[in-house]
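# all I have is the shape, not the residue letters:
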């Protein structure tokens, strides 16, 4: 017995499958509509109750970085556009909790909806077994939940290879989405300005504190040196820009005075000899010239000794010449007649000699005091050097602080607005036309699947029933072979020998050849589906 059915074997093509599906749908119309209509109504109801959300977007650009006022000259603007992670950093900062909290302070969130009366009654009837969670009343938890909700609906996306950021906010209404988006940008700008102002104030405070510290250090060093000077009776005099101890100044003054007194003594002695020996005018003139030469030689010797030291050969030569001239003047004075001299000349020579002796004694006294005050003077010079260094450090830092103040950039926002968020004209979700079209397709597919499943089950049961009938064995099941214009079905085995229908035909022939022929046999060819043709 051969059973011919359409859906149990492989179809000959998509056209045949479509025809078979359409036949199954037409045979099971009630089942098709019974499945498609509930699915469509359920999908339409879900689409209708979906919450509406609007999407607003703003575009901002990252501004150039401000110069570092404490950086060295020429390095303030270096590498300000080389930070590849800057857009991602700014995007993360815009999504910070501080910015979200400032936005919610400016645009308060909507209060939670109260539980409907019907739901309250249902909860009371079920004694709380099935009941929504109680609304949160803690302000802190409400604020944290609002911040989390805003951050969940806030997206900041950096554009590739640029300094442009897209700020997107999703909200339940178009106006709220627009306001929240612009509020996020404005509050981040204010936050960046405040942060820069705090940094500038911190730098200014540090500069002021450091300036005060250096000034206090300078004044303290000056006071320490003054107290030490007063305690040890040390006085300074100023010569040009250098500070010279008083004892050294006194030694220099005493040495200069002694040199002048010695010169005056030599001149007085020369004048005295000239007055006592009137007949020796040439010797007197020579003595005066010798005295003048002696003064010049002593002056030259002192200069060379101060520059090269007392052991310089030329200084030693000058000392020998000066000693010879002094001996000559002394011998000239001893050869004269002391009683024939003038009294005024004697008095002048004696006064000059007394002044020389007095200055020599004072110079010796000052030299002794200088040797005694050497340690105290050295300590005082150290304190003066510390005070001078503190003053120089303070002056240098004040100049640098003034340069920093001149280089400080204006406080500007980190981002600038390219385009503000506009009012969305239609919701971003749900897209009801597209969703309804999808629901319609889904309902049609559900109805077709139900009809095909029913058709497959019916054919399977029919074949099983025939096979279980006593005395009627099932030889094979032939797939449906669609008719083609100009070609008979018998040619199908020759044209497509490896098709399922050809294999089934060869199986039937093989089964018939194996049957015994002692008794008569009949072969029934039938179909499992309605209106598919029965033989």
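Arrived safely, thanks for sending. What you are looking at is a predicted structure, and each value in this text was computed from that prediction instead of being measured.

# need the phi and psi values for residue 312.
With angles defined as degrees, to the nearest 10, residue 312 sits at phi -70, psi 140.

# which residues in this structure form strands?
Counting by DSSP state E, one finds strands in the chain at the ranges 2-5, 54-62, 154-158, 164-171, 236-239, 242-245, 415-419, 476-479, 525-527.

# so which bits of the longest one are buried?
Going back to what we said before, that points to strand 54-62. Buried residues in strand 54-62, counted by 16 or more other Cβ atoms under 10 Å: 54, 55, 56, 57, 58, 60, 62. Just so you know, the C-beta spots here come from the backbone N, C-alpha and C atoms, and that holds for glycine as well.

# do the same with the third one
For strand 154-158, a neighbour-count test (16+ other Cβ under 10 Å) marks 154, 156, 158 as buried.

# which elements pack onto that strand?
Applying 3 or more Cβ pairs under 8 Å, 6 or more residues apart in numbering; DSSP states H and E, we find strand 154-158 packed against helix 86-94, strand 164-171.

# hey, which of these is tucked in deepest?
Mean neighbours per residue, mean count of other Cβ atoms under 10 Å, is largest over those for strand 164-171, with a mean of 20.

# ok, residue 182 - contacts?
By Cβ atoms under 8 Å, 6 or more residues apart in numbering, residue 182 lies in contact with 58, 420, 421.

# columns distance to residue 166 on top of these, output as a markdown table?
Listed next are the contacts of residue 182 as a markdown table, based on distance: Cβ to Cβ, whole Å:
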| residue | distance to residue 166 |
| --- | --- |
| 58 | 8 |
| 420 | 13 |
| 421 | 10 |
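
# what's the closest of the residues you listed to residue 23?
The nearest member of these to residue 23, counting by Cβ to Cβ, is residue 421 at 56.1 Å.

# and for that closest one, the neighbour number?
Residues lying near residue 421 (other Cβ atoms under 10 Å) number 23.

# wait, isn't it in contact with residue 177?
Yes. Using Cβ atoms under 8 Å, residue 421 is in contact with residue 177, at 7.4 Å.

# overlap in contacts, the two.
With Cβ under 8 Å, 6+ apart, residue 421 and residue 177 have common neighbours 56, 169.

# picking up where we left off before, of all the helices and strands packed on strand 154-158, which one is nearest residue 352?
The closest approach between residue 352 and any of the helices and strands packed on strand 154-158, judged by Cβ to Cβ, belongs to helix 86-94 at 89.9 Å.

# ok and the closest one relative to strand 54-62, angle-wise?
130 degrees (axes from the mean of the first three to the mean of the last three Cα atoms, to 10 degrees).

# what's helix 86-94 packed up against?
Against helix 86-94 (3+ Cβ pairs under 8 Å, 6+ apart) you get strand 54-62, strand 154-158, strand 164-171, helix 174-231.

# can you lay out the ones you listed as CSV showing mean pLDDT and distance to residue 411?
Shown next, in CSV, are those (pLDDT from 0 to 100; distance: least, Cβ to Cβ, whole Å):
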stretch, mean pLDDT, distance to residue 411
strand 54-62, 92, 16
strand 154-158, 93, 23
strand 164-171, 93, 21
helix 174-231, 88, 5
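
# ok, the nearest residue to residue 300 once chain neighbours are set aside - contacts?
If you skip the residues right next to it in sequence, residue 300 has residue 318 as its closest partner in space, 6.3 Å away by Cβ to Cβ, 6 or more residues apart in numbering. Residue 318 makes contacts with 297, 300, 301, 304, as judged by Cβ under 8 Å, 6+ apart.

# of the residues you listed, just the buried ones, PyMOL syntax please.
Of the contacts of residue 318, the buried ones go into a single PyMOL selection, burial set by 16+ other Cβ under 10 Å:
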select buried, resi 297+301+304
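
# which one of the contacts of residue 318 sits closest to residue 351?
Nearest member of those to residue 351, counting by Cβ to Cβ, is residue 297, at 24.4 Å.

# I'd assumed residue 213 was in contact with residue 393.
No. Using Cβ under 8 Å, residue 393 is not in contact with residue 213, being 10.2 Å away.

# the stretch 1-150 of the chain: helices as residue ranges?
Using DSSP state H, counting those that start in this stretch, the helices of the stretch 1-150 of the chain run over 14-27, 29-49, 86-94, 97-106, 117-125, 139-153.

# so which of those helices comes closest to residue 513?
Nearest of these (Cβ to Cβ): helix 14-27, 31.0 Å.

# give the buried residues for the closest one.
20, 21, 23, 24, 25, 27.

# quick one: residue 456 from residue 450, how far?
11 Å (Cβ to Cβ, to the nearest Å).

# so which of those two has more stuff around it?
For residue 456 versus residue 450, neighbours defined as other Cβ under 10 Å are more numerous around residue 450 (20 against 14).

# spit out the contact partners of that one.
By Cβ under 8 Å, 6+ apart, residue 450 lies in contact with 28, 31, 32, 34, 35.

# ok, it to residue 170 distance?
Between residue 450 and residue 170 the computed distance is 38 Å (Cβ to Cβ).

# same thing with residue 229?
Following Cβ to Cβ, the distance that separates residue 229 from residue 170 is 79 Å.

# where does pLDDT dip in the stretch 351-500 of the chain?
Residues of the stretch 351-500 of the chain meeting the criterion pLDDT under 70: 369-374, 404-410, 458-473, 476-477, 479-483, 485, 487, 489.

# helices of that one, residue ranges please.
In the stretch 351-500 of the chain, the helices defined using DSSP H, counting those that start in this stretch lie at 374-407, 432-468, 492-495, 500-514.

# would you turn those helices into JSON lines with distance to residue 352?
Output for these, formatted as JSON lines (distance: least, Cβ to Cβ, whole Å):
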{"stretch": "helix 374-407", "distance to residue 352": "33"}
{"stretch": "helix 432-468", "distance to residue 352": "128"}
{"stretch": "helix 492-495", "distance to residue 352": "159"}
{"stretch": "helix 500-514", "distance to residue 352": "154"}
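
# out of the ones you listed, nearest to residue 198?
helix 374-407 (16.8 Å).

# what are the buried residues along that closest one?
For helix 374-407, the neighbour count (16+ other Cβ under 10 Å) marks 376-377, 380, 383-384, 386-387, 390-391, 394, 397, 401, 404 as buried.

# can I get these in JSON lines including distance to residue 224?
Converted to JSON lines, these look like this (distance: Cβ to Cβ, whole Å):
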{"residue": "376", "distance to residue 224": "14"}
{"residue": "377", "distance to residue 224": "16"}
{"residue": "380", "distance to residue 224": "10"}
{"residue": "383", "distance to residue 224": "6"}
{"residue": "384", "distance to residue 224": "10"}
{"residue": "386", "distance to residue 224": "8"}
{"residue": "387", "distance to residue 224": "8"}
{"residue": "390", "distance to residue 224": "10"}
{"residue": "391", "distance to residue 224": "13"}
{"residue": "394", "distance to residue 224": "15"}
{"residue": "397", "distance to residue 224": "20"}
{"residue": "401", "distance to residue 224": "25"}
{"residue": "404", "distance to residue 224": "30"}
